[in-house]
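>>> heads up, no residue letters with this:
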């Protein structure tokens, strides 16, 4: 779809209205400058340059996604950062990997903490069993008679430490992944 320049920039600005005014103005100025430079350098008509930029709503979405990810990385908001990375997971293999591994580590953290919490409540069903007939770790019901639990109440500090390590590693991985995705996104926006 071909837009006149003023209509294209107006549509882009409307789509960016959730951003602060000065940031919106900066983006519009940058895009206008890019369009003028591209037209001057290639001699192509403005319509062709606008077609190469793509739909103004998609371009705005790229800037909004970038801003959301920046905010999440800067403020270290784990939930927001995970959501921002998950939103990119459908468009980016690295984002999918970061989201999947981080989510699994957060889940492991919850499981380890549950083991630590439930050991004093149901001690016969929580622990680590390892012998010739049983290989299990966690909250288990229906153990065979004579199953030997290895850690006893040591499973509580082990579970807490494992939960903290999983949570810390997941958080670190998400921050690293968020920064990496920001760099990739910034390069893509600069190529516009």
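The structure has been received and is ready for your questions. Treat the numbers as computed from the prediction; the structure is a model and nothing was measured.

>>> Find me whatever residue is spatially closest to the residue nearest to the spatial centre of the chain, sequence neighbours aside.
What sits nearest the mean C-alpha location of the chain, by CA atoms, centre = their mean, is residue 85, with 2.0 Å. Computed as CB to CB, 6 or more residues apart in numbering, the closest residue to residue 85 that is not its neighbour in sequence is residue 99, at 4.7 Å. Where you see a C-beta, it was placed from the backbone N, CA and C, and this is true even at glycine.

>>> May I ask you to confirm that residue 82 belongs to a strand?
No: counting by DSSP: H, G, I helix; E, B strand; the rest coil, residue 82 is not found in a strand; it is helix.

>>> tell me the SS of residue 136?
strand.

>>> Roughly how far does residue 55 sit from residue 95?
22 Å (CB to CB, to the nearest Å).

>>> Find me the pLDDT at residue 34, would you?
The model reports residue 34 with a pLDDT of 83.

>>> Select the helix or strand of the chain having the lowest average pLDDT value.
Within the chain, no helix or strand scores below helix 78-89, which has a mean of 77 by mean pLDDT, DSSP states H and E.

>>> about what we covered before: okay, and the residue nearest to residue 85 sits in which element?
Following DSSP states H and E, the helix or strand that holds residue 99 is helix 93-118.

>>> How much space separates residue 153 from residue 187?
Applying CB to CB to residue 153 and residue 187 gives a distance of 52 Å.

>>> likewise residue 31?
17 Å.

>>> sorry, back to before: the more surrounded of residue 153 and residue 187?
residue 153 (13 against 9; other CB atoms under 10 Å).

>>> Longest helix in this structure, please.
helix 155-190 (DSSP state H).

>>> tell me what that helix is packed against?
In terms of contacts (3 or more CB pairs under 8 Å, 6 or more residues apart in numbering; DSSP states H and E), helix 155-190 is packed against helix 56-75, helix 78-89, helix 93-118, strand 126-130.

>>> Dump those to CSV, plus distance to residue 16.
Shown next, in CSV, are those (distance: least, CB to CB, whole Å):
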stretch, distance to residue 16
helix 56-75, 5
helix 78-89, 17
helix 93-118, 22
strand 126-130, 52
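
>>> from those, which stretch is densest packed?
strand 126-130 (a mean of 21; mean count of other CB atoms under 10 Å).

>>> what distance separates that strand from the middle of the whole chain?
The chain centre lies 34 Å from the centre of strand 126-130; the measure is CA atoms, centre = their mean, to the nearest Å.

>>> How about stretch 90-97?
9 Å.

>>> any weak-confidence spans in this structure?
Scanning the chain for pLDDT under 70 picks out 1-3, 76-77, 144, 188-192.

>>> buried stuff in stretch 39-58?
The neighbour-count check on stretch 39-58 (16 or more other CB atoms under 10 Å) flags 39, 46, 49, 50, 53, 55, 56 as buried.

>>> quick one: contacts for residue 140?
Going by CB atoms under 8 Å, 6 or more residues apart in numbering, residue 140 touches 125, 126, 127, 129.

>>> how close does it get to residue 93?
Distance, residue 140 to residue 93, by CB to CB: 37 Å.
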